[in-house]
Structures are given as C-alpha cells and as structure tokens.
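Novice: Sequence below, structure please.
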Amino acid sequence: MSDPETLRVYAEKSADYANRTDTYNTSDPRLAAFIADLDTGAHVLDLGCGPGASAAAMARAGLRVTATDAVAQMVRLAARHPGVIARLARFDEIDGVNIYDGIWANFSLLHAERTALPAILSALHRALVPKGRFHIAMKLGDSSKRDTIGRLYTYVTEDELRALLSDAGFSIVKKDTGRDKGLDGTYADWIALAAYG
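Specialist: Numbering: from 1, shown residues only. Here you go, the predicted model:
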C-alpha cells in the first residue's frame, strides 16, 4: 500500500481501528482455522497487520509471528502484543524464499493497486514454505474507488481473485463470504479464500 491518503486515514484512525478489531479478530473462525492448520512454533506473517489483534491471537496460540504494516502508528500498536515482532513494510517489500509457514492477508491487499496484485501474490507464494498456509480476504466488486473516509480500495470478483491466486501458484481449498460494516460505517460484501502454496 502506497496511497498517501489511505496511509493518512489509517494513521489518524489507528486507535479507533484498534478498538474495532480487538474483539472481532480474536473471534474470527477463519483465524481459528488458520491457527489450527499450523504446528506450534510455526513462523507466520500477518501482512497489513493493523493494530495487531490477529497477530496477538496467533502469538498466544504458540506461533512465531512477524507482523508488517505500512503505517508506523499501526506497527507501534502491533508491537505492544507479547510475542509479536512488528515492522514497517509495504506489500511490495515482502521478499525471500521459504520463510513463512503461513501468511495471513486479512483485508489488507484490498489496498494494493490492481496492477500490483500479481507480483505481490507471486512474492508471497515464494515467501511461503512448500504447502504453506495462505489466507486472503478482499471486498467484492469490480472497481477501484475511495470509501467515505478516503481509503482507496481495489475490489475484486471471486473469479478474478481465484485466477490471481492460481496464477501465483496457490491451491484454493476453502471459500467464505459475508457482509460486514467497515470503519467508515458502510456495509460491503467480502470473500475469504484459504489456500496452500
């Protein structure tokens, strides 16, 4: 994520976002399934970690957690959680080979530019160990636009997201869909895919 306005909104609303996600993330059944698929001590990446509620839940479950975000205020919030190593990084700064046993990209890559998604997903696939666990959640649609508080979103269709993951080398094993209210107070449809590298 490199859109200055989106980064500014998250910086200004970091405390509000933390209050909103602390309870939601820890009760997310997709997060519970992601954790259950990994062995104790497995190394995971929380990509676009925000305030770190998901990262904290993973650490409490015995996983070794690296959490990244492009917003310094979010990194500071994530770093407060025991067992979470948080660092400042954009999506396109994730590199390396066979580093992570799992990658959690929960409503983070929806802030990447559509044209950047293939390269980012390929890099994430390389960063996973063979057969590593991958989770991605995105908002559904077919456009790119700002929400009511200024964040820039890339919306995807299910077919588009499936093709992006397949082209990057992922094997999809599960799909969930839903509709929730976001930080801006509006409802949006979403899709979450569980996959292996």
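Novice: What residues does residue 113 make contact with?
Specialist: Residue 113 makes contact with 144, 154, according to Cβ atoms under 8 Å, 6 or more residues apart in numbering. The C-beta positions use only the backbone N, C-alpha and C, and glycine is treated the same way.
Novice: what's the pLDDT at it?
Specialist: Listed pLDDT for residue 113 reads 93.
Novice: Can you give me the distance of it to residue 100?
Specialist: Using Cβ to Cβ, to the nearest Å, one gets 23 Å for the distance from residue 113 to residue 100.
Novice: Nearest spatial neighbour of residue 33, chain-adjacent residues omitted?
Specialist: Closest residue to residue 33 apart from its sequence neighbours, by Cβ to Cβ, 6 or more residues apart in numbering: residue 194 at 6.9 Å.
Novice: ok, residues contacting the helix or strand harbouring that neighbour?
Specialist: Assigned by DSSP states H and E, residue 194 belongs to strand 187-196. Outside strand 187-196, the residues within contact range by Cβ under 8 Å, 6+ apart are 30, 33-34, 106-107, 131-141, 156, 158, 161-162, 165, 170-182.
Novice: Please convert the buried members of those into ChimeraX selection syntax.
Specialist: Restricted to buried positions by 16 or more other Cβ atoms under 10 Å, the ChimeraX selection for the contacts of strand 187-196 reads:
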select :30,34,106,107,132,133,134,135,136,137,138,139,140,141,156,161,162,165,170,182
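Novice: quick one: which of the contacts of strand 187-196 sit in helices?
Specialist: Mapping the contacts of strand 187-196 onto helices (DSSP state H) picks out 30, 33, 34, 158, 161, 162, 165.
Novice: so which of the residues you listed would you say is closest to residue 12?
Specialist: The nearest member of the ones in helices among the contacts of strand 187-196 to residue 12, counting by Cβ to Cβ, is residue 30 at 28.0 Å.
Novice: neighbours of the residue nearest to that closest one when sequence neighbours are not counted, just the number please.
Specialist: In this structure, residue 30 finds its nearest non-sequential neighbour in residue 192, 5.5 Å apart by Cβ to Cβ, 6+ apart. Using other Cβ atoms under 10 Å, residue 192 has 20 neighbouring residues.
Novice: quick one: residue 192 from residue 80, how far?
Specialist: For residue 192, the distance to residue 80 - Cβ to Cβ - is 26 Å.
Novice: likewise residue 60?
Specialist: 14 Å.
Novice: okay, these two: which has more neighbours?
Specialist: Using other Cβ under 10 Å, the more surrounded residue of residue 60 and residue 80 is residue 60, with 15 against 12.
Novice: On the pLDDT front, check the nearest residue to residue 144 once chain neighbours are set aside for me.
Specialist: Spatial nearest neighbour of residue 144, chain neighbours left out: residue 154 (4.9 Å); criterion: Cβ to Cβ, 6+ apart. Reported pLDDT at residue 154 in the predicted model: 94.
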